[in-house]
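Visitor: Predicted structure and sequence below. I'll ask about it afterward.
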There are 2 protein chains.
Amino acid sequence: MAESDAKGGAEAAAKDATDASAATPRARYRAQVRAEVKEHAWKQIAEAGASALSLNAIAKQMGVSGPALYRYFAGRDELITELIRDAYRSLADAVRAAAATGAGVRRLAHVLRGWALADPHRYFLIFGTPVPGYHAPEDITGISQEIMADLLAACAALGPDAPGEGAGGARAGASVAEPSAAFDAHIAGHRDWAGGLAAPPAVLRRALAFWTRLHGVLSLELAGHFAGMGFDPALLYEAELDGLLGPEGMPGG
Amino acid sequence: MAESDAKGGAEAAAKDATDASAATPRARYRAQVRAEVKEHAWKQIAEAGASALSLNAIAKQMGVSGPALYRYFAGRDELITELIRDAYRSLADAVRAAAATGAGVRRLAHVLRGWALADPHRYFLIFGTPVPGYHAPEDITGISQEIMADLLAACAALGPDAPGEGAGGARAGASVAEPSAAFDAHIAGHRDWAGGLAAPPAVLRRALAFWTRLHGVLSLELAGHFAGMGFDPALLYEAELDGLLGPEGMPGG
DNA sequence: AAAGTTTCGTTAGAAGGTATCACGAAAGCG
DNA sequence: CGCTTTCGTGATACCTTCTAACGAAACTTT
């Protein structure tokens, strides 16, 4: 029953092993070792990417034997899942901290870019090539909903007739408002992801555009696809942001 | 000297091993085996992703021993590089074929999406998480420039004052034309990637926006980030396309 | 056609990875 | 102090990439 205990213990301790100040000394030690493993894992990922992550190498670096780590993580997959969770939480915290100081969408975008540039591998862990069989646990989707909620709130703060193409108000004729109206009609009926927020469809569409457009520039930049092209990705990012926000420069941004 | 011969042979044959109808029977056989290996590799990638690609498994499927494949590929990296090259070529061919029939940007965008959905793993092989130490060979960057040239031509066909936010003409005031003008000034000085094409900065900017925005939607969709959100990614893709093109619907699109 | 050379595919093996098992030692708990 | 749980270890099985050496097959040349 040693193996089932180790498994059950790992799962049971997963709740309180996250906080360092647990009740029992056992759990506290567990949490510390788990944290140390993840620390080495992040270092290894930053150096050679997530695909090169090796439990064996981490164990060697920590001065213990390979199988020792299996007392703390069920396997490589569980460790990676944990790292993905930490990455999501890190991004959510960064976004929330900015939003708490009243940051607008523009500032949020800069927070996102700064967070991504600080550790590209961490960004790709979330938004990069998905692992074939992997399905994110419940709590991770919850964290991503936190991020979306903050983004949605920032977009709602812009007002329903905010500038930008297709948003409705600022355009000359109805010729431009039409295409987004078609999507607005669709998104109005599929707003489960917006939580309880009673935002108009234009706001939902704006939040989606923010996400996809910034990710588009950011991921191509981080992957090096702009490498030989000469221009500054930061300026392209800013240009997309301008197109999204309009030039008047939101006060909180 | 067998090993240096095998290496040199592989490199020398790499040129004519690509076309199936080579001069010598040796080269023809080589080309056939290499093609068969890649075929199995694609199947394996489609099933479990590029990270799960195993030379050993391919050899087993082909009924030969593991090391036999090292006569045809220097290693796993060379095989993957070859697959990336094929993926780029496949995309470039698809784009060029569409462009040859006079397809506009809208149709090009649909070709891109169709190509990506046909094999998501192939898309991620190009635009997904980059492998840490990998640098694309010269000819691969050449193929990507082909794609960019076609996109650029299609964008130029739209005319310099085409619709879309920040392009200049269709907007009500100068307040919206300003932000993109800032980027236009920058991109005007860094247009090495545009080849010899004498396109105005607005066209370059438009092509860049096409690439980044469509990739933004597409990559998030393929990675499953829209999974639990309920809306139809195809409609979001279309909405972004509309925002890029304007609603009047290009004739060739 | 025979001889020579190149290439091919094999087995063997090194080095490294994940993951399991069984055992002894350490540490917490009653 | 003793019982119980947990921890770390070495051994082991099986996977991977990749190199080396050898025999056989095939192409080339004489």
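Guide: It's in.

Visitor: can we go C-alpha only for contacts and neighbour counts from here?
Guide: Will do.

Visitor: secondary structure element for whichever residue of chain A sits closest to chain B?
Guide: Taking C-alpha to the nearest C-alpha, chain B has its nearest neighbour within chain A at A:G216, 3.7 Å off. Assigned by DSSP states H and E, A:G216 belongs to helix A:201-222.

Visitor: average pLDDT for that helix?
Guide: The pLDDT scores in helix A:201-222 average 97.

Visitor: Check the offset of that helix from the chain's centre.
Guide: Remark: helix A:201-222 is offset 13 Å from the chain centroid, using C-alpha atoms, centre = their mean, to the nearest Å.

Visitor: Contacts for it, please.
Guide: Taking contacts as C-alpha atoms under 8 Å, 6 or more residues apart in numbering or on different chains, the residues outside helix A:201-222 that touch it are A:109, A:113, A:116-117, A:120, A:124, A:128, A:151-152, A:155-156, A:159-161, A:167, A:183-185, A:187-188, A:194, A:226-227, A:233, A:236-237, A:240-241, A:244, B:127, B:212-217, B:220, B:240.

Visitor: for chain A, what helix or strand is lowest in average pLDDT?
Guide: Ranked by mean pLDDT, DSSP states H and E, the weakest helix or strand in chain A is helix A:2-16, scoring a mean of 36.

Visitor: Whether stretch A:86-100 contacts chain B - can you check?
Guide: No. Stretch A:86-100 lies out of reach of chain B by C-alpha under 8 Å from any C-alpha of the partner chain, never closer than 13.0 Å.

Visitor: Tell me which residues of that stretch come out buried.
Guide: Within stretch A:86-100, the residues that count as buried by 16 or more other C-alpha atoms under 10 Å in any protein chain shown are A:86-89, A:91-92, A:94-96, A:98-99.

Visitor: I'd like to check what contacts it. Which residues are they?
Guide: Stretch A:86-100 has contacts (C-alpha under 8 Å, 6+ apart) with A:107-108, A:111-112, A:115, A:122-123, A:125-126, A:140, A:143-144, A:146-147, A:150, A:154.

Visitor: Please tell me which one of those counts the most neighbours.
Guide: Neighbour counts for these peak at A:R122, which has 25 neighbours (criterion: other C-alpha atoms under 10 Å in any protein chain shown).

Visitor: Let's test this: mean pLDDT of stretch A:37-57, rounded?
Guide: If you average the pLDDT over stretch A:37-57, you get 96.

Visitor: is any part of it close to DNA strand C?
Guide: Yes. Shown here: stretch A:37-57 in contact with DNA strand C (C-alpha under 7 Å from any atom of the strand) through A:53-57.

Visitor: So which of the buried residues of stretch A:86-100 belong to helices?
Guide: Those of these mapping onto helices are A:86-89, A:91-92, A:94-96, A:98-99, per DSSP state H.

Visitor: which one of those is nearest DNA strand D?
Guide: The closest of these to DNA strand D turns out to be A:D86 (C-alpha to the nearest atom of the strand; 21.2 Å).

Visitor: The closest one and DNA strand C: what is the separation?
Guide: If you measure A:D86 against DNA strand C using C-alpha to the nearest atom of the strand, to the nearest Å, the figure is 19 Å.

Visitor: Now do the same contact list for the residue in the stretch 151-253 of chain A positioned nearest to DNA strand D.
Guide: DNA strand D sits closest to A:A223 of the stretch 151-253 of chain A, with a gap of 22.2 Å, by C-alpha to the nearest atom of the strand. Going by C-alpha under 8 Å, 6+ apart, A:A223 touches B:127-130.

Visitor: can you check A:A68 too?
Guide: With C-alpha under 8 Å, 6+ apart, A:A68 has these contacts: A:A59.

Visitor: how close does A:D184 get to A:A136?
Guide: 29 Å (C-alpha to C-alpha, to the nearest Å).

Visitor: neighbour-wise, which of those two wins?
Guide: Taking neighbours as other C-alpha under 10 Å, A:D184 and A:A136 compare with A:D184 leading, 22 against 10.

Visitor: what residues are up against that one?
Guide: By C-alpha under 8 Å, 6+ apart, the contact list for A:D184 reads A:201-202, A:205.

Visitor: Output the contacting helices and strands for the helix or strand just after the least confident helix or strand of chain A.
Guide: For helix A:2-16, the following helix or strand on the C-terminal side (DSSP H and E) is helix A:25-48. Contact partners of helix A:25-48 among helices and strands, from 3 or more C-alpha pairs under 8 Å, 6 or more residues apart in numbering or on different chains; DSSP states H and E: helix A:2-16, helix A:55-62, helix A:76-100, helix A:120-127.

Visitor: what about the third one and DNA strand D, any contact?
Guide: Right, the one you point to is helix A:76-100. No. For helix A:76-100, no contact with DNA strand D is found by C-alpha under 7 Å from any atom of the strand; the gap never falls below 14.0 Å.

Visitor: next structured bit after that helix?
Guide: Counting by DSSP H and E, the next helix or strand C-terminal to helix A:76-100 is helix A:105-118.

Visitor: Run through chain A and note the low-pLDDT ranges.
Guide: Applying pLDDT under 70 to chain A flags residues A:1-22, A:160-179, A:247-253.

Visitor: Can you tell me how far the residue most central in space within it is from DNA strand C?
Guide: Nearest residue to the geometric centre of chain A (C-alpha atoms, centre = their mean): A:Y88, 4.5 Å. In this view, A:Y88 and DNA strand C are 22 Å apart by C-alpha to the nearest atom of the strand.

Visitor: circling back: just the contacts of A:A223 now: which is nearest DNA strand D?
Guide: Among the contacts of A:A223, B:P130 lies closest to DNA strand D (C-alpha to the nearest atom of the strand), at 17.0 Å.

Visitor: Checking the closest one next. Helix, strand or coil?
Guide: Here B:P130 is coil, with the state taken from DSSP: H, G, I helix; E, B strand; the rest coil.

Visitor: Torsion angles phi and psi at it?
Guide: Main-chain dihedrals, B:P130, degrees, to the nearest 10: phi -70, psi 150.

Visitor: residues in contact with it?
Guide: Per C-alpha under 8 Å, 6+ apart, neighbours of B:P130: A:A223.

Visitor: what separates it from A:Y123, distance-wise?
Guide: Per C-alpha to C-alpha, B:P130 is found 12 Å from A:Y123.
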